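S.K.: Take a look and give me a structure for this.
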Amino acid sequence: MVMVWEDVTVERCGAEEKKKKKKKLLDGITGFAEPGRIMALMGPSGCGKTTLLNSFTGKLNANVVVTGNILINGKKRTLCSKEVSYVAQEELFLGTLTVKETLTFSASMRLPSKMTKEEIAKVVEETIMEMGLEDCADNKIGNWHSRGISNGEKKRLSIGLEILTQPHALLLDEATCGLDSASAFYVIQALRNIALNGKIVICSIHQPSFEIFNLFDDLLLLSSGETVYFGEANMALKFFADAGFHCPTRRNPSDHFLLCINLDFDLITEALNRIQLSVVSSSNSTIGMRTSEIRRILIGSYKSSKLIVNARRRIQQLKSNVIEMYDEQEMESNERSSTSWRKQLCTLTKRSFLNMTRDIGYYWLRIIFYILVSISIGTLFFHIGTDNHSILARGKCVSFIYAFMISLSCGGLPFFIEELKVFYGERSKGHYGEAAFVVSNIISSFPFLVLISLFSGLIIYFTVQFHPGLTNCAFFCINLFCCLSVVESCIMVVASLVPNVLMGIGTGTGVIIFMMMSSQIFRPLPDIPKFFWRYPMSYLSFATWAVQGQYKNDMLGIEFDSILPGDPKVSGEKVLTLVFGVPLDHGKWWDLTALFTLLLVHRLIHFIVLRFAKRSKSSPVLWSYAKETLHFAQRSLLKNKPSISSRKHEAQHPLSSQECVLSPNLAM
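M.R.: Next up, the predicted model:
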C-alpha cells in the first residue's frame, strides 16, 4: 500500500454569518508515504499536524473544506478503519478491564467472525508481545478508585488496539505526549518495528529528543499550514544549513527546527521588549533575524529546491507503477467477512456487564443506597394499617417511594458518561454502531435493575404491609423495575447530550424533577392545570403512570375505617377517586403497559440521539486559538512594570548565544 497526498488544502469557514470568512489551516501540502518507513510530522502548536491527520481519516468538522488528492494505491478511496488506523492523542478505556481483556474484547468485535477463540487469543498474545505489554497484561487499566497502568503502557495499549486488524497504515497524533524520555523512546521504537514489518507509520510529534529523532526515516515539517521541509529526516540538517541556518553543535535538531519556524517567539520577544526585558532565550539572537523572516526564507528555499521536484516525480512514479494488493472484489469479500452484528452484541454485552460488576460506583454503591432508603421507608411507614389516618399516609408513602427511588438514579450519570466516551471513540473508528451499544446496555443493566427492584420492593412491601397478595407484590416490584428503567434511559439520553459530568448532573436532576411535577407526587391530577401540565405532560411523565398504578395496586379491594365510629367503611375505589383523583376507567395493568411503552420510547430516543448527535467531530489545534492565548499573555506582561533587577539582565548575554561557544576544556 502507498499513500499519496497532492496539494491538500484545508479551509475552515468563519463563525461570522455575515462575512463568511475562510481560514486556511493547510495550504498545498504535498507528500507520500511508503511501507517500511516511519515518518515524523513535526511543527509548532497550531501548525496543522492534527488537521492533516484528520484529513487523511476524514475526521474533520462539517465547516471544514478539504481540496486536493488523497490517494491509496493510486486511487481515491475512503480511508476506512481496515486500511488505515488512527491513534488519537488521548484514547479512553474502561478502567475496570485488564490490558489483555481490553485487547480481547476489541479483537472479538473487529476480527472476522469465522475466527475461533483460539485464533483470536493467539492474535492478542502476539500483539501483547509486539508492544511489550507482557508485564502488565493482567493489570487493570485503572479508574477513579484504583491505580492502573502507566501512561506509557496506555499509549502502547492504544497502539496495540489498532494493529489488531493488521492495517496497512498507522496514523498517530502526538504519540509521545505526556510520556517521559524512556517511555517515549520505547513507543517510537515499537512504531519503528511496526513500520519495518511492511506498514506505513505516520506520527505527529512535537519536539522529540535526539535519540528519538534518529529513529525516523522521513520528516514532514509544517509551519502555519505550509510545508517547510519534506524528505529524509537525516537530510533536514543539510537543508537548513544550505539555507543559511546551521544547527549549533550542542543543540537538538528538532529544537533547532522549531526555533527557526515557530512564530510564537516573535510575539513573545515583542512583548518582552515593550517592557524593557531581555529575551533570556532568544531563539535566533546569533543570527539577528526575526523568526517570520527565517520561516519565509526556509519555505522559499524548499519550493525552489530539488526536494519538491523529486517528491512530485516520485509521486508520479508511485501513481503509475503501484501494484494494488487488493482489487475491488477482494475488498468487498473482506467487508463481508467482517464481524457479525450478533457477535459484536454478545461481546459488547459481556464487556459492559463486566465493567458494571467491577465498578463499585456503577450499580453496587447505588444498590446499597436503595436498600438503605427502602429500610428508612419501611421504618417510617411500618405496618401502615387500614384506619382512617392511613389513607393519606399510604399516599405519602407511595409518593415518598417513587420520588426518592427516581432521584437516586442520577448517581449513575458519571459512569454513563465515561462509558459513552469510550463508545464515541470506538464508533468513530467504525468498530460497531449505535444499535449494538444500546441493546448491549439494556441487556447488561437488566440484572442490576432486577436486583434493585426485588430488594427494595420486597423490603418496602413487607415492612409497610401494602395490599397482601402475591399478584400485588409482583406488580409492585415490576412497576418499580419499569419506572427505574425509564429513569435510567432518560439519564442516558441526558448523558448523550451534555458535554461533561457537572452539566449532566444538573440537567439530569432538572429533567427528572420536571417529569415528577406533572404527577400525583405533588398534586392530584384533577388539580393540575390542564394546559401543558395535564395535557400532555401528565401523559408523558413516567412518574404519573408509576404512582397511579401503585395507588390502584394498593388501595383497590381494601376498606378503610370511617372518621366517625359506627359509620360504614370507606372503599379504596372511593378513596382513589375522591381523595387522590385517580381515574378508574382503566386498570393498573394498563398503567404498567403505558410505563413499559415509555421505556421503549426512551430507549428509541437514546438510539436516535446517539445516531445523529455527537457524530465524529475532529478537534484540530487551531492556530487562531494559540494566537489568542499569546495575545492574552502579551497583555498580561504589559501590565507589569519592569523592575530594576530586570534591567540589569539586559547586559547579560543570552544563553542561546553561547551554544556554539566551546567549553574551556574543549577549546584547549
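
S.K.: give me the number of residues near residue 117?
M.R.: For residue 117, the number of neighbouring residues by other C-beta atoms under 10 Å comes to 9. Backbone N, C-alpha and C define where each C-beta goes, glycine included.

S.K.: gap between it and residue 109?
M.R.: For residue 117, the distance to residue 109 under the criterion C-beta to C-beta, to the nearest Å works out to 13 Å.

S.K.: repeat for residue 467
M.R.: The span separating residue 467 from residue 109 equals 48 Å under the rule C-beta to C-beta.

S.K.: Low-confidence regions, the stretch 201-350 of the chain specifically.
M.R.: Applying pLDDT under 70 to the predicted model, the residue ranges of the stretch 201-350 of the chain that meet it are 266, 268-269, 271-288, 321-338.

S.K.: quick one, strands of it?
M.R.: Along the stretch 201-350 of the chain, the segments classed as strands by DSSP state E, counting those that start in this stretch run 218-223, 226-232.

S.K.: which of those is buried the deepest?
M.R.: strand 218-223 (a mean of 24; mean count of other C-beta atoms under 10 Å).

S.K.: Which phi and psi values does residue 500 adopt?
M.R.: Its backbone dihedrals place residue 500 at phi -150, psi 180, with angles given as degrees, to the nearest 10.

S.K.: Name all residues that make contact with residue 516.
M.R.: Residue 516 makes contacts with 402-403, 406, 522, 541, 543, as judged by C-beta atoms under 8 Å, 6 or more residues apart in numbering.

S.K.: Then it would be within a strand, right?
M.R.: No: remark: residue 516 does not belong to a strand; assigned using DSSP: H, G, I helix; E, B strand; the rest coil, it is helix.

S.K.: Closest one of the contacts of residue 516 to residue 217?
M.R.: The shortest approach to residue 217 among those belongs to residue 406, at 59.8 Å (C-beta to C-beta).

S.K.: Put the alpha carbons of stretch 411-426 into PDB.
M.R.: Listed next in PDB are the C-alpha coordinates belonging to stretch 411-426 (Å, rounded to 0.1, in the frame of the first residue of the first chain):
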ATOM      1  CA  GLY A 411     -26.000   8.700  40.700                       C
ATOM      2  CA  GLY A 412     -25.200   6.600  37.600                       C
ATOM      3  CA  LEU A 413     -24.800   9.500  35.300                       C
ATOM      4  CA  PRO A 414     -21.000   9.900  35.700                       C
ATOM      5  CA  PHE A 415     -20.500   6.300  34.800                       C
ATOM      6  CA  PHE A 416     -22.800   6.500  31.900                       C
ATOM      7  CA  ILE A 417     -20.800   9.400  30.500                       C
ATOM      8  CA  GLU A 418     -17.500   7.500  30.900                       C
ATOM      9  CA  GLU A 419     -18.900   4.600  29.000                       C
ATOM     10  CA  LEU A 420     -20.300   6.900  26.300                       C
ATOM     11  CA  LYS A 421     -16.800   8.400  25.800                       C
ATOM     12  CA  VAL A 422     -15.400   5.000  25.100                       C
ATOM     13  CA  PHE A 423     -18.300   4.400  22.700                       C
ATOM     14  CA  TYR A 424     -17.800   7.600  20.800                       C
ATOM     15  CA  GLY A 425     -14.100   6.800  20.300                       C
ATOM     16  CA  GLU A 426     -14.800   3.300  19.100                       C
END
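
S.K.: just for the chain, where's the confidence low?
M.R.: Across the chain, residues meeting the criterion (pLDDT under 70) sit at 14-21, 76-82, 266, 268-269, 271-288, 321-338, 614-668.

S.K.: okay, which residue is most central for it?
M.R.: With the centre of the chain defined as its mean C-alpha position, the nearest residue by C-alpha atoms, centre = their mean is residue 421, 3.6 Å away.

S.K.: what are the ranges of the strands in the stretch 1-150 of the chain?
M.R.: Listed in chain order, the strands of the stretch 1-150 of the chain (DSSP E, counting those that start in this stretch) span residues 3-13, 22-33, 37-42, 64-72, 75-76, 84-87.

S.K.: contacts for the first one?
M.R.: Meaning strand 3-13. Counting by C-beta under 8 Å, 6+ apart, residues outside strand 3-13 touching it are 20-33, 48, 51-52, 55-56, 60-61, 63-72, 74, 169, 200, 202, 225, 315, 318-319, 622.
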